[in-house]
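>>> A structural model of the following input is requested.
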Amino acid sequence: MTQRAKTESEGPEPGGGAAGPGVDAGSEPDPAHPVRPPAPRFEPGGLSTAEVAERVARGDVNDVPARSSRSATDIVRGNVFTRFNAIIGVLWVVMIFVAPIQDSLFGFVIIANTGIGIVQELRAKKTLDGLAVIGEARPSVRRDGRTAEISTSEIVLGDVIELGPGDKVVVDGTAGEADGLEIDESLLTGEADPVLKKPGDPVMSGSFVVAGGGAFTATKVGREAYAAQLAEEASRFTLVHSELRSGISTVLKYVTWMMIPTSIGLVISQLVVKDDDLKDAIARAVGGIVPMIPEGLVLLTSVAFAIGVIRLGRKQCLVQELPAIEGLARVDVVCLDKTGTLTEGGMDVTELRPLAGAEPGYVKKVLGALGESDPRPNASLQAIIDAYPDSAEWRCTESLPFSSARKYSGASFSEGDGENNTWLLGAPDVLLPAGDPALDETDALNARGLRVLLLARSARELDDPAVTRGVRPTALVVLEQRLRPDAADTLRYFEDQDVTAKVISGDNAVSVGAVAGKLGLPGAEHTVDARELPAERAEMAAALDGSAVFGRVTPQQKRDMVAALQSRGHTVAMTGDGVNDVLALKDADIGVSMGSGSEATRAVAQIVLLNNSFSTLPAVVAEGRRVIGNITRVATLFLTKTVYSVLLAVLVVCSQVEYPFLPRHLTLLSTLTIGIPAFFLALAPNKERARPHFVKRVMRYAIPGGVIAATATFVTYLAARHHYGGPDALKPETSAATLTLFLTSMWVLAIIARPYTWWRVGLVGAMAGAFLIVLAVPWLQTFFQLKLEGVTMPWVAVAVAAAAATLIEFTFRWVDRRFPA
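Coordinates of the predicted model:
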């Protein structure tokens, strides 16, 4: 499991001549089958500037599309070329030729809606792209003998790329240098154990380094790379399941199937009834078809997501997959890695306790040499390096980088006086047998929330699998971790929101529990050592439900714990910043990484907190709840309109009467009772806990509400037909029916707007006032063909609407009790 601490380079590719393997250098190249250049050889100094320019000109560049957002063209296309826009566009063109401009207003509304959607999504794209640049992985590449960090899109074929713990392999290649280089390929191959790489071994894009370091030559870049091929079809909008979007798609599918026969029947019936006025028949048929389409629902969903991205972007929160905003709002368990999440990344050495009479000066020399032996130290080793700089002229003959799975690192030294020793630095409870006196001292320190490392001497070779057996404890290194100042408030927020927090850490269980206790986490006093957890999933899930703090968790166990919680029906979020969190982040429903975390964690997380502030998470949860709760509200408005429009059309067809409305009437009603209110309601704050079954929760209100509204409107229309007479009776009949439908729809809006705040009451009042103005101002009466005649019928319309509103109120309350969601 180790690699000698020396640099090795791979030799030339076997069989690789100038023309490539298996190709006759003297033969003519076949234009239909161009010969690819031979696989690049490892050059320790990297490519020259001229070689890079040559490859760029040849197109051998890592031009994989950015994950962060869709292109502007895709955004425009996605908002303009929709099924419902096509239907409304055709109807709009027809209306322009057969009716006054008032009856074509719905077309202008669609143009405005589409424009708003495009503008908001482009704003969100700009925000995302800007944040993505900040959070982008910048691999270290050697060129002209120097190492520099460059963007992944600037890597060319043959570049020499350096690797260290936590680094993501961004392109395919061949290892040229390896110093204990262990790479986790489980995200690609499913193989759980890290793979020890030696010079000449392949490395695959999408894998990541868990221990050691090295360098490799890029052999496949861009879309030819392994991970790029896997991700080619994946888009940021589909990587995370969105119940909201899939629910809306389901509803729209059924709406389309209802529309087709209803629309055909309505068109035929109006042509038969109005055989003397073709244009008016077409106008009234279109007036019945247009309101069946919930055209603003998809728009408002997109706008709500887009504005959420913009709002979170202002808090330095990068949402790498849009539905992740929704997903975090549904989370009921959040798993937190201690280091880097509850605590800040850095730590300080507070005490050095020599054991068994060890001489303090010599111990400090050993610690300094161990720090010098690791070119890529983790936070613990960095604190030791800062406290004890290397002062000994010892030669490192062999090194073993730290691994989260092993819980220790080590090195062998020739100490100058001819003596050779092997030293290990790691978790005391891993290196020492149970009952060792040093463990009692360790437990006392852990109980204070301190991290303790053991320095021990081994009599075995470093590459001996039993190197930890019989080690001699030499010193305890006590480290203090800095608690994040915002962590306690954030944990309290999750507790208030009924989200269970579980701390899952690789550190000592007692130490983890002490830190969690300082932050006020419920259940912190009952810590569990993960080495004692059952391996069977059901038993593990039961143990996880019963405790809140877990220590000595391996990376694979973190993954298993996430799966066990999910098997119990939990929606799980995982936060972390280290390479040991990658697997769990990938498998969790929502992965959240710190911006200062490793490249690998940032790459697999759906949400990256670029400001490294744990306190940003409540804002993300709140944003998700706003989106889900408010879209559920407004979806009820849109689909109530669809239901009453379809039912009205069916009643008209069955009764063989003229359709009561022109497009202008329903454009006015839709704008005042749905369009404008829905826009404000969709963007309002909403702290309601996100609940599942979106379609069920919306349709249980929309169907009875729509049926009652359609029935009340049709009753008023038939009563008006009986009351009024003469050739011009249709206008007052329509006005009476419009009044009933407006008042009934306003009551649905008043229910959806609850609980009332001053601005919600004002919003409902403003919509009612706007309708009264239309009824009162003569030129608006003429424009919308709305004029109430007489006294009896308008009051009948109001009475029918009042009865319908009462019935809707009682029905909605009964539905709440009978069909709770």
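>>> alpha carbons only for contacts and neighbour counts from here, please
OK.
>>> may I see the buried residues of the lengthiest helix in the chain?
In the chain, ranked by residue count with DSSP state H as the criterion, the top helix is helix 617-655. Taking 16 or more other C-alpha atoms under 10 Å as the basis for neighbour counts, the residues of helix 617-655 that come out buried are 617-618, 620-653.
>>> against which helices or strands is it packed?
helix 243-273, helix 278-289, helix 295-314, helix 323-330, helix 487-496, helix 676-682, helix 694-723, helix 730-752 (3 or more C-alpha pairs under 8 Å, 6 or more residues apart in numbering; DSSP states H and E).
>>> quick one, which of these is nearest to residue 115?
Between residue 115 and the helices and strands packed on helix 617-655, the shortest separation by C-alpha to C-alpha is 9.9 Å, and it involves helix 295-314.
>>> mind listing what's buried in that closest one?
Judged by neighbour count using 16+ other C-alpha under 10 Å, the buried positions of helix 295-314 are 295-313.
>>> just stretch 418-426 next, same as before
Burial within stretch 418-426, assessed by neighbour count using 16+ other C-alpha under 10 Å, is assigned to 421, 422, 423, 424, 425, 426.
>>> ok, of these, which one's closest to residue 266?
Minimum separation from residue 266 among the buried residues of stretch 418-426 (C-alpha to C-alpha) is found for residue 426, which lies at 78.0 Å.
>>> which residues are in contact with the residue nearest to that closest one when sequence neighbours are not counted?
For residue 426, the nearest residue in space outside its immediate sequence neighbours is residue 408; the separation is 3.9 Å by C-alpha to C-alpha, 6 or more residues apart in numbering. Under the criterion of C-alpha atoms under 8 Å, 6 or more residues apart in numbering, the neighbours of residue 408 are 402, 424, 425, 426, 427.
>>> how near is the second one to residue 551?
The gap separating residue 424 from residue 551 is 21 Å, by C-alpha to C-alpha, to the nearest Å.
>>> one more: the last one?
Using C-alpha to C-alpha, we find residue 427 at a distance of 12 Å from residue 551.
>>> what residues do these two have in common as contacts?
Counting by C-alpha under 8 Å, 6+ apart, the common neighbours of residue 427 and residue 551 are 507, 508.
>>> tell me the pLDDT at the residue positioned nearest the centre of the chain?
With distances taken as C-alpha atoms, centre = their mean, residue 324 lies nearest the centre of the chain, 2.6 Å away. According to the model's per-residue confidence, residue 324 sits at a pLDDT of 78.
>>> now swap in the one 10 residues further on and tell me
The predicted local confidence for residue 334 comes out at a pLDDT of 91.
>>> and if you look at residue 32?
Predicted confidence (pLDDT) at residue 32: the value is 44.
>>> and the residue nearest to residue 426, bridged to which residues?
When bridges are taken as DSSP bridges, the partners of residue 408 come out as residue 403, residue 426.
>>> do the one 5 residues further on as well
Judged by DSSP bridges, the bridge partners of residue 413 are residue 396, residue 421.
>>> show me what contacts it?
Taking C-alpha under 8 Å, 6+ apart as the contact definition, residue 413 lies against 394, 395, 396, 397, 398, 420, 421, 422.
>>> surely residue 457 touches residue 471?
Yes. Proximity of residue 457 to residue 471 meets the contact threshold set by C-alpha atoms under 8 Å, at 5.6 Å.
>>> other SSEs contacting whichever strand or helix holds residue 817?
Secondary structure here is read from DSSP states H and E; on that basis residue 817 sits in helix 792-818. With contacts taken as 3+ C-alpha pairs under 8 Å, 6+ apart, helix 792-818 sits against helix 694-723, helix 730-752.
>>> pull the residues that contact stretch 512-520.
Applying C-alpha under 8 Å, 6+ apart, the set of residues contacting stretch 512-520 from outside is 338, 446-449, 483, 487-488, 491-492, 503, 505, 524-527, 549-551.
>>> per-residue pLDDT of residue 197, please?
According to the model's per-residue confidence, residue 197 sits at a pLDDT of 90.
>>> mind checking the end-to-end distance for stretch 368-380?
The first and final residues of stretch 368-380 sit 13 Å from each other (C-alpha to C-alpha).
>>> what's the answer for stretch 94-102, then?
With C-alpha to C-alpha applied, stretch 94-102 spans 13 Å between its terminal residues.
>>> mind listing what's buried along it?
Of the residues in stretch 94-102, 94, 95, 96, 98, 99, 102 count as buried by neighbour count, 16+ other C-alpha under 10 Å.
>>> just those residues: which has the poorest pLDDT?
Minimum pLDDT for the buried residues of stretch 94-102 is recorded at residue 99 (75).
>>> how far away is that one from residue 636?
Distance from residue 99 to residue 636, counting by C-alpha to C-alpha: 31 Å.
>>> now residue 700
According to C-alpha to C-alpha, residue 700 and residue 636 sit 9 Å apart.
>>> go on, residue 412?
Distance, residue 412 to residue 636, using C-alpha to C-alpha: 69 Å.
>>> so where's the stretch 51-200 of the chain shaky on pLDDT?
For the stretch 51-200 of the chain, applying pLDDT under 70 flags the ranges 64-70, 128, 131-136, 186-193.
>>> try 90
Judged by pLDDT under 90, the stretch 51-200 of the chain has its weakly predicted residues at 58-139, 145, 150-154, 164-172, 178-196, 198.
>>> how about a markdown table for the helices and strands packed on helix 617-655, with distance to residue 117 added?
Formatted as a markdown table, the entries for the helices and strands packed on helix 617-655 read as follows, by distance: least, C-alpha to C-alpha, whole Å:
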| stretch | distance to residue 117 |
| --- | --- |
| helix 243-273 | 16 |
| helix 278-289 | 23 |
| helix 295-314 | 6 |
| helix 323-330 | 17 |
| helix 487-496 | 33 |
| helix 676-682 | 12 |
| helix 694-723 | 22 |
| helix 730-752 | 23 |
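>>> deepest in the core, which of those helices is it.
Ranked by average neighbour count under the criterion mean count of other C-alpha atoms under 10 Å, these are headed by helix 323-330 at a mean of 27.
>>> send me that one as PDB with only the CA atoms.
Extracted in PDB, the C-alpha atoms of helix 323-330 (Å, rounded to 0.1, in the frame of the first residue of the first chain):
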ATOM      1  CA  PRO A 323     -33.900  21.400  -8.600                       C
ATOM      2  CA  ALA A 324     -31.500  21.100  -5.700                       C
ATOM      3  CA  ILE A 325     -33.200  24.200  -4.300                       C
ATOM      4  CA  GLU A 326     -36.400  22.200  -4.100                       C
ATOM      5  CA  GLY A 327     -34.700  19.100  -2.900                       C
ATOM      6  CA  LEU A 328     -33.100  20.700   0.200                       C
ATOM      7  CA  ALA A 329     -36.500  22.100   1.200                       C
ATOM      8  CA  ARG A 330     -37.800  18.400   1.300                       C
END
